[in-house]
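Engineer: A structural model of the following input is requested.
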Amino acid sequence: MSSVDFEEAGHKLLKIKLEPGQEMELCIMLLECCSQERTYLRYYGLLGQRFCMIHRVHQENFEKCFVQQYSMIHRLETNKLRNVAKFFAHLLGTNALPWHVLAYIRLTEEDTTSSSRIFIKILFQELSEHLGIRALNERLNDPSMQDSFESIFPKDNPKNTRFSINFFTSIGLGGITESLREYLKNMPRLIMQQQKPISDSDEKSDSSTSSSESEPESESGSSSDDSNHHKKQQVRKKRD
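Structural biologist: I've put the predicted structure just below:
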């Protein structure tokens, strides 16, 4: 692009008359141009940010681009991958793109490749640089956003939890895994608490069954005693 700054470029691009549904082509073109650069240019991030702020349709299209790019990230050369990751980090860091897009990333050993791990690494390192580790940590621990982050900070089983902790620690961002570390530390106790109600329920069930089984025996015994008593009375009468 030959425009001097992103403001001028944005103005020119917005003058292009697009048919309904063609807005996606604009987002794809911008992302493609960004990926082709030898090094990442903040110019593209600012331009993408401007489009997202101007119209919601552009924001939605960049969200679709995020999903598409991540699903095909293994096809990108390292340089293109780096530029794309930095572009989306800019959009997220400026809130031009909603953070729920991160729900499309599942950070486990089985669900990632070397390429996707590089993408996640650059994305979060850039976010840390944009926001600072403290602000990033606060955002990631926002209670209203936990559904969007549970696939990156999984708590479904210890193996995946440890993988996420080790991954972020290895890229210098162990600070954002404090809550996950605490969860892993307390996991044995949580499992015990979850199992206790089940155990109590089983004990009550066994007790109830045992009680119901003993009642017929008691009734049977009582009936037998009554019969014997009746026979003894008959024998005495005959003797008399």
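Engineer: ok, and the closest non-adjacent residue to residue 176?
Structural biologist: Distance criterion C-beta to C-beta, 6 or more residues apart in numbering; nearest residue to residue 176, sequence neighbours excluded, is residue 137 at 5.1 Å. Every C-beta, even on glycine, is put in place using the N, C-alpha and C of the backbone.
Engineer: isn't the one you found right up against residue 178?
Structural biologist: Yes - using C-beta atoms under 8 Å, residue 137 is in contact with residue 178, at 7.4 Å.
Engineer: who has more neighbours, the two?
Structural biologist: The neighbour comparison of residue 137 against residue 178 (other C-beta atoms under 10 Å) goes to residue 137, with 17 against 12.
Engineer: host element of that one?
Structural biologist: Residue 137 belongs to helix 133-140 when assigned by DSSP states H and E.
Engineer: mean confidence for the helix or strand just after that helix?
Structural biologist: The helix or strand immediately downstream of helix 133-140 is helix 146-149, counting by DSSP H and E. Across helix 146-149, the average pLDDT comes to 94.
Engineer: likewise for stretch 88-95?
Structural biologist: In this model, stretch 88-95 has a mean pLDDT of 97.
Engineer: again, but for stretch 57-75
Structural biologist: Computed over stretch 57-75, the mean pLDDT rounds to 95.
Engineer: excluding residues flanking it in the chain, which one is nearest residue 62?
Structural biologist: Nearest non-adjacent residue to residue 62, counting by C-beta to C-beta, 6+ apart: residue 27, 5.4 Å away.
Engineer: so who does the one you found touch?
Structural biologist: Residue 27 makes contact with 48, 51, 58, 61-62, 64-65, according to C-beta atoms under 8 Å, 6 or more residues apart in numbering.
Engineer: next, the angle from the helix or strand hosting residue 130 to helix 133-140.
Structural biologist: Under the criterion of DSSP H and E, residue 130 resides in helix 114-131. Angle between the axes of helix 114-131 and helix 133-140 is 110 degrees (criterion: axes from the mean of the first three to the mean of the last three C-alpha atoms, to 10 degrees).
Engineer: now helix 114-131: buried residues?
Structural biologist: Neighbour-count burial for helix 114-131, with 16 or more other C-beta atoms under 10 Å as criterion, is recorded at 115-128, 130-131.
Engineer: on that earlier part again, pLDDT score for the residue nearest to residue 62?
Structural biologist: 89.
Engineer: check whether it sits in a helix, strand or coil.
Structural biologist: Secondary structure, DSSP: H, G, I helix; E, B strand; the rest coil: residue 27 is helix.
Engineer: how about the strands in this structure?
Structural biologist: Using DSSP state E, the chain contains no strands.
Engineer: contacts only, for the spatially closest residue to residue 130 that is not a sequence neighbour.
Structural biologist: Nearest non-adjacent residue to residue 130, counting by C-beta to C-beta, 6+ apart: residue 93, 3.5 Å away. Residue 93 is in contact with 126-127, 130-131, counting by C-beta under 8 Å, 6+ apart.
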